[in-house]
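> after the sequence you'll find the predicted model.
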Amino acid sequence: MGLYQIQLGSFVPKTVRDNNSVDVQVVCRVTDSKVLLGAETETFTNRVTLKKDGKEVGTAKSPVSIEISEENKDINKKQVKGNGQKIDFEINANQLGQKLPLNDNDKLKLVDELGENLQLDTTSIKVYKNGNEEIKDCETSYQNNILEITVPNDVPIKITYTVIVNAKPNDPVKISNTAYWKGYSKDSGKTVEKSYSYTVGGGIEAFTKVNFKLTKQDQNNLNVVLQGAKFDIEKCVLNKNNEIVSTEKVNKTTGSNGTIGDYLEFDTLYKITETKAPDGYVIDNKPIYILDLKDKEQDTSFVTNIKNSIKDGELIVRYKEKDFGLQITNHKGEITVVKKFINDAAGNSHNPVSGTYTFGLYEDSEGKGDPIQTKTITYKAGETKEKSVKFINLDLNKTYYVFELDDEKNPITDSSKEATVNKLVYTVEYSTNGVTNGGTVTVTNKSHTKLLPSTGSIGTLVFRLSGATLAFAGMISLSQINKKRKRK
């Protein structure tokens, strides 16, 4: 809601009645993040006041509700085409080129959540502005089928990528894919949901080998490819007991372009295991099994037996694909912050208190100097689930210190003293002091509310008896004063 004072020209002071009306038209641009990013319905009220000689002589106000329809949402998503087991998707966002509110500290971030039957080709992601002007430096991360992309503001954005469908040919499968702004519900975005099936084209019979390519990427910035990761590639068979047995093994190391190339056989199971992570990164040594079916495409028992035999990793199956791309990510050091609350002295209330809570990561145990990173956790009214956030891209061998920041952006280092956070007074406790890669710090805000003992025994009895004694003494004093007045 805006409040404006408007000077209405140079009128000559007279005592003549003015029967003319004054029409004022105010055009406002909506900046509310819940409307622009969350597609929520909000009511705004413009209030106009007419003044004469500094005195208010009239007021008008006009409420208006802003509701974003499905077709007018700021995010649109569509399937561009399907090519066998691969599907191309396109996301269009901020098509008016507005200056949108930031939603991830000082960044504008879009989230794309893939369904369980889809696997993202992380080397296929492209971001464009103003139509077809490609942007090369957008931060992209991918974990647990969730893609996050930091996009520029003020310009229309287009994002394209390719997914692989985890299904065999001519077998309809449900696919779903939702894009939305980070920090808001999936309902505020756009979902593509449909049944998909495909056929395998001819021509594959001419190929006798699979062109295999492994790409190693930074999990938190997919634009960064990683050199120096070592892998074992094992050719495997099932023995008579349906146990997976390695028959051949080669060792490969990713080069400067972050890739490994090899020619593999169709209808053959391979086991891919990382044996050494790139310098500064955490190893991911969980095996991945791959299989490209050609002649055994229709042999369902072959695939079923393999699936049942795998106990230590996942199986990725392609059907008559002459080019088999596999992307594997690593991350640097990470520290998790979990936010908790104790809202009463008895410790019975733990519901989150709405607001934004900021945490700083320090190398100094007393929080001196500027934080290396800051992260936030935001709770909306009514939310009850515990939330967490991660500090990323950390040194694997360093010890770090996490402190919540008060309203003055200072680290709260003394848990025995009260601090103001979101205009409320708390003491802040930390589950640990000093944490390394993979560690978790639980930050608990304890309300300063005082509570009398509630033991149900002598603890409260003392207070009740003291109160009754004071009341009785007061009654006696009043009675004595009344008697003296009557004697007079």
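Arrived safely, thanks for sending. Numbering: from 1, shown residues only.
> CA atoms for contacts and neighbours, from now on please.
Noted.
> quick check: buried residues in stretch 79-89?
Neighbour-count burial for stretch 79-89, counted by 16 or more other C-alpha atoms under 10 Å, picks out 82, 84-89.
> what's the answer for stretch 279-291, then?
The neighbour-count criterion (16+ other C-alpha under 10 Å) identifies 281-283, 287-291 as the buried residues of stretch 279-291.
> pLDDT below threshold where in this protein?
Across the chain, the ranges flagged by pLDDT under 70 are 1-26, 448-488.
> again, only using 80
Flagging of the chain using pLDDT under 80 yields the residue ranges 1-29, 50, 67-73, 105, 201-203, 345-347, 448-488.
> pick out the residue closest to the middle of it.
Lys182 (5.5 Å; C-alpha atoms, centre = their mean).
> now do the same contact list for that residue.
Remark: with contacts taken as C-alpha atoms under 8 Å, 6 or more residues apart in numbering, Lys182 is in contact with 103-104, 109-111.
> got it, and Asn397?
Asn397 makes contact with 436-437, according to C-alpha under 8 Å, 6+ apart.
> ramachandran angles for it?
In this entry, Asn397 is assigned phi and psi values of phi -110, psi 0 (degrees, to the nearest 10).
> and for Glu205?
Dihedral pair for Glu205: phi -60, psi -20, per degrees, to the nearest 10.
> can you check Val48 too?
phi -120, psi 130.
> does it touch Pro63 like I think?
No. With contacts defined as C-alpha atoms under 8 Å, Val48 does not count as touching Pro63, sitting 11.6 Å away.
> of those two, which one has the most company?
Per other C-alpha atoms under 10 Å, whichever of Val48 and Pro63 has more neighbours is Val48, with 19 against 11.
> what sits closest to that one if chain neighbours are left out?
For Val48, the nearest residue in space outside its immediate sequence neighbours is Ala60; the separation is 5.2 Å by C-alpha to C-alpha, 6 or more residues apart in numbering.
> and what of Thr358?
Closest residue to Thr358 apart from its sequence neighbours, by C-alpha to C-alpha, 6+ apart: Thr376 at 4.4 Å.
> what is the helix or strand encompassing that neighbour packed up against?
Here Thr376 is covered by strand 373-379, with elements defined by DSSP states H and E. In this structure, strand 373-379 makes packing contacts with strand 355-362, strand 387-394, judged by 3 or more C-alpha pairs under 8 Å, 6 or more residues apart in numbering; DSSP states H and E.
> how about the last one as CSV, C-alpha atoms only?
Taking only C-alpha atoms (Å, rounded to 0.1, in the frame of the first residue of the first chain), the coordinates of strand 387-394 have been written out as CSV:
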residue,chain,number,x,y,z
LYS,A,387,14.6,-27.1,8.4
SER,A,388,18.3,-27.2,7.6
VAL,A,389,20.8,-25.5,5.3
LYS,A,390,24.3,-26.4,4.1
PHE,A,391,27.5,-24.5,3.9
ILE,A,392,29.3,-25.8,0.8
ASN,A,393,32.6,-25.7,-1.1
LEU,A,394,34.7,-26.0,2.1
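> ok and that strand relative to strand 373-379, angle-wise?
Here strand 387-394 runs at an angle of 170 degrees relative to strand 373-379 (axes from the mean of the first three to the mean of the last three C-alpha atoms, to 10 degrees).
> before I go, just wanted to say thanks for your time.
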